[in-house]
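A.B. asks: this one's sequence-less:
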């Protein structure tokens, strides 16, 4: 259902991790996987932070992820780390969490690992999230982590008040993107309909200001470029980027719960967001 997770969940390393855990008599509580935030939590606890060297492995992973986002580069040079910080790198390379490139840079084996590590950072910085993100939201690498953090609060921790407080703390013109990313967490969650119903009053406050922002973000991120129009633009010599931005089609997996919510509360929703 969540297409961005498919490459990871059929990754041989992850399948081996699950099979090894089951073969050893352990349990993999997939029934508790609500969505990506749950998979991220399980993967971190079982594969990065587990064992005697778990603390140093987790510390290096979050350090790499933070530097990637702050410096807007996926590969971080080896020489920018202290020697002591590099101690867990070999085991992370062996477990295919990190890679060392030919030009002596360190990257994550999968981009999702960086997103999940940055989500862990935001979780640990929850007491001063606004201060931590004040100079970081210009980096798109923090955006997905913040959306994941919102999903984590809604579907894993299931703490709606904490989500509301975080949303309020990031509100304001200078933090608009932070508010938008937390709003997106509602429709990017694995089961959006009950969450939409729970935050309905929040969305409708202030003459539906958040409802309009939510729907605007939904139309941008729950749609894909129309391939027919892209092909036509290519044949006619038009700018494909502008055509891709203007002509969209639904990314259908996200639409049914949102349409159901809008239909169930159509009188309120139309009044709040007539366009």
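C.D. replies: Here it is on my side, so go on. Note that this is a predicted model, so its numbers are computed, not measured. Residues are numbered from 1 along each chain as shown.

A.B. asks: hey, let's count contacts and neighbours off CA atoms from now on
C.D. replies: Will do.

A.B. asks: For the stretch 101-250 of the chain, which segments count as strands?
C.D. replies: 105-108, 223-225, 248-250 (DSSP state E, counting those that start in this stretch).

A.B. asks: Kindly reformat those as CSV and extend each row with distance to residue 143.
C.D. replies: As requested, these are exported to CSV (distance: least, CA to CA, whole Å):
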stretch, distance to residue 143
strand 105-108, 18
strand 223-225, 18
strand 248-250, 22
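
A.B. asks: Where does residue 263 sit: helix, strand or coil?
C.D. replies: helix (DSSP: H, G, I helix; E, B strand; the rest coil).

A.B. asks: out of the strands of the stretch 101-250 of the chain, deepest packed?
C.D. replies: strand 105-108 (a mean of 20; mean count of other CA atoms under 10 Å).

A.B. asks: Direction included, what does it pair against?
C.D. replies: Take DSSP bridges as the rule and strand 105-108 pairs in its sheet with strand 76-77 (antiparallel), strand 98-100 (antiparallel).

A.B. asks: Now tabulate the ones you listed in TSV and tack on mean neighbour count, distance to residue 255 and mean pLDDT.
C.D. replies: As requested, the strands paired with strand 105-108 are exported to TSV (neighbours: other CA atoms under 10 Å; distance: least, CA to CA, whole Å; pLDDT from 0 to 100):
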stretch	mean neighbour count	distance to residue 255	mean pLDDT
strand 76-77	18	38	96
strand 98-100	20	35	95
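
A.B. asks: where are the low-confidence patches of the stretch 51-200 of the chain?
C.D. replies: 172-176 (pLDDT under 70).

A.B. asks: quick one: the helices in it?
C.D. replies: For the stretch 51-200 of the chain, helices defined by DSSP state H, counting those that start in this stretch occupy the ranges 54-71, 89-94, 111-124, 129-133, 140-151, 160-169, 176-188, 192-198, 200-221.

A.B. asks: Minimum distance to residue 83: which of those has it?
C.D. replies: helix 89-94 (10.5 Å; CA to CA).

A.B. asks: got a list of contacts for that closest one?
C.D. replies: Here helix 89-94 makes contact (CA atoms under 8 Å, 6 or more residues apart in numbering) with 48, 57, 60, 98-100.

A.B. asks: Of these, just say which sits nearest to residue 190.
C.D. replies: Closest to residue 190 out of the contacts of helix 89-94 is residue 48 (23.9 Å), distances taken as CA to CA.

A.B. asks: Surely the closest one is in contact with residue 58?
C.D. replies: Yes. Counting by CA atoms under 8 Å, residue 48 touches residue 58, with 6.0 Å between them.

A.B. asks: mind listing what the closest residue to residue 40 other than its chain neighbours touches?
C.D. replies: Computed as CA to CA, 6 or more residues apart in numbering, the closest residue to residue 40 that is not its neighbour in sequence is residue 116, at 6.0 Å. The contact partners of residue 116, by CA under 8 Å, 6+ apart, come to 40, 145, 148.

A.B. asks: Also residue 120?
C.D. replies: residue 62.

A.B. asks: Tell me which of the strands paired with strand 105-108 sits nearest to residue 212.
C.D. replies: strand 76-77 (39.2 Å).

A.B. asks: What lies in contact with the closest one?
C.D. replies: 64, 67-68, 104-107.

A.B. asks: could these go into TSV alongside distance to residue 210?
C.D. replies: As requested, those are exported to TSV (distance: CA to CA, whole Å):
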residue	distance to residue 210
64	34
67	32
68	31
104	46
105	42
106	40
107	37
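
A.B. asks: Among those residues, which one lies nearest to residue 214?
C.D. replies: Using CA to CA, residue 68 comes nearest to residue 214 of the contacts of strand 76-77, at 28.4 Å.

A.B. asks: Might one say that the closest one is in contact with residue 75?
C.D. replies: Yes. Proximity of residue 68 to residue 75 meets the contact threshold set by CA under 8 Å, at 7.1 Å.

A.B. asks: and the gap between the nearest residue to residue 171 once chain neighbours are set aside and residue 217?
C.D. replies: Counting by CA to CA, 6+ apart, residue 171 lies nearest to residue 179, which is 5.7 Å off, once chain neighbours are set aside. Taking CA to CA, to the nearest Å as the measure, residue 179 falls 11 Å from residue 217.

A.B. asks: Please apply the same query to residue 262.
C.D. replies: Separation of residue 262 from residue 217 (CA to CA): 15 Å.
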